[in-house]
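Asks: Fold the stuff below for me.
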Amino acid sequence: MYEKPGPNGPRTLPGYYTSYNDLTRLSDVYRMSWDRSFSPTVLNHFYAGGNHWREGHYNPNELLGNWKDKFCFPNVPDCNDNLVSVSFSGFDAWGGPSNNGSENTVYAFHDDLTWIRGRHAFKIGGMFQRSHYNGFGEQWQSGRVNFSFTGTGVPGDTNFTTAGGNGFASFLLGHSDSGSLDTVRFISQQ
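Replies: Got it, this is the predicted structure:
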C-alpha cells in the first residue's frame, strides 16, 4: 500500500519545504496446512505461516539532495540528504524527517495431534514462533529547530490563548524554543 497526498498535494508550503512523508507499507503473507489421518482415531494437524511486513517513510526533500550547498546547520551528522526541519507553533513545519521505517518478519509452525480413545479425546501439540524486528531511522540527522509562540508572547505565560505570541514571529526574530538532532540508527531485535 502506498499512501500519497491527493491531487492538490500535501497541506504544506509548495515545493520541497514540506513536512510531508510518503508512506509505503508492504506485506507478504504465507500460510499452509496439512492434515493426516493415521487411523480412524488418530489425526495430526500441521500448519505454518509467515509474514514479512515492511514500512517506510520517505521525505520528498531527499529527492532534491545536496542540501549541504544550500542550507546546513554546522556539526550535524549529515545535512546533505534532507532539508533542516523548522517548525513553528500554530503553523506547518518546513522540512520533514528523513527516511525511517521497519522490517518485521514472523514465522510460526504448529503441530497438533488428536487421539480418540473410547469416549475420551486426548490432544497434544506444540508451537514454534520466531519474530524479527529491524527498525531504522534518520529522522533529524540534518537537525530540527522549533519556534514557539512563547518567544513573542507575554513573558512567563505558556498558555497559547492568553499569552498571545506567534511561532513564525519568533522565527523572524531568531528566538528558538528548542532543537533536536538524531544520528542514523538501526535497531535489530532477533
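
Asks: Which residues are in contact with the closest residue to V154 other than its chain neighbours?
Replies: Spatial nearest neighbour of V154, excluding adjacent residues (C-beta to C-beta, 6 or more residues apart in numbering): A163 at 4.7 Å. Every C-beta, even on glycine, is put in place using the N, C-alpha and C of the backbone. A163 is in contact with 149-150, 153-154, 157, counting by C-beta atoms under 8 Å, 6 or more residues apart in numbering.

Asks: Next one: A163 relative to S178, how far apart?
Replies: The gap separating A163 from S178 is 17 Å, by C-beta to C-beta, to the nearest Å.

Asks: Next: F186.
Replies: Per C-beta to C-beta, F186 is found 26 Å from S178.

Asks: Give me the below-cutoff pLDDT ranges for this structure.
Replies: Residue ranges of the chain with pLDDT under 70: 1-17, 64-65, 190.

Asks: Any of the contacts of A163 buried? List them.
Replies: Neighbour-count burial (16 or more other C-beta atoms under 10 Å) applied to the contacts of A163 gives 149-150, 153.

Asks: From the centroid of the chain, which residue is nearest?
Replies: Central residue of the chain (C-alpha atoms, centre = their mean): G101, 4.4 Å from the mean position.

Asks: which residues of this protein fall in strands?
Replies: 2-3, 22-39, 42-58, 85-88, 100-117, 120-137, 144-147, 178-180, 185-189 (DSSP state E).

Asks: and the residue nearest to N66 when sequence neighbours are not counted, how many neighbours?
Replies: Leaving aside its sequence neighbours, N66 sits nearest to N80 (C-beta to C-beta, 6+ apart; 6.2 Å). Using other C-beta atoms under 10 Å, N80 has 15 other residues around it.

Asks: Name the nearest residue to the residue nearest to the centre of the chain, sequence neighbours excluded.
Replies: Leaving aside its chain neighbours, G101 sits nearest to G56 (3.7 Å; criterion: C-beta to C-beta, 6+ apart).

Asks: Likewise for T24?
Replies: Nearest non-adjacent residue to T24, counting by C-beta to C-beta, 6+ apart: G56, 4.6 Å away.

Asks: Most remote residue from the middle of this protein, which is it?
Replies: The outermost residue of the chain, judged against the average C-alpha position, is G118 (55.2 Å), by C-alpha atoms, centre = their mean.

Asks: For it, which residues are in contact?
Replies: By C-beta under 8 Å, 6+ apart, no residues touch G118.

Asks: just to revisit the earlier point, any idea how far the residue nearest to V154 lies from F88?
Replies: Going from A163 to F88 by C-beta to C-beta gives 15 Å.
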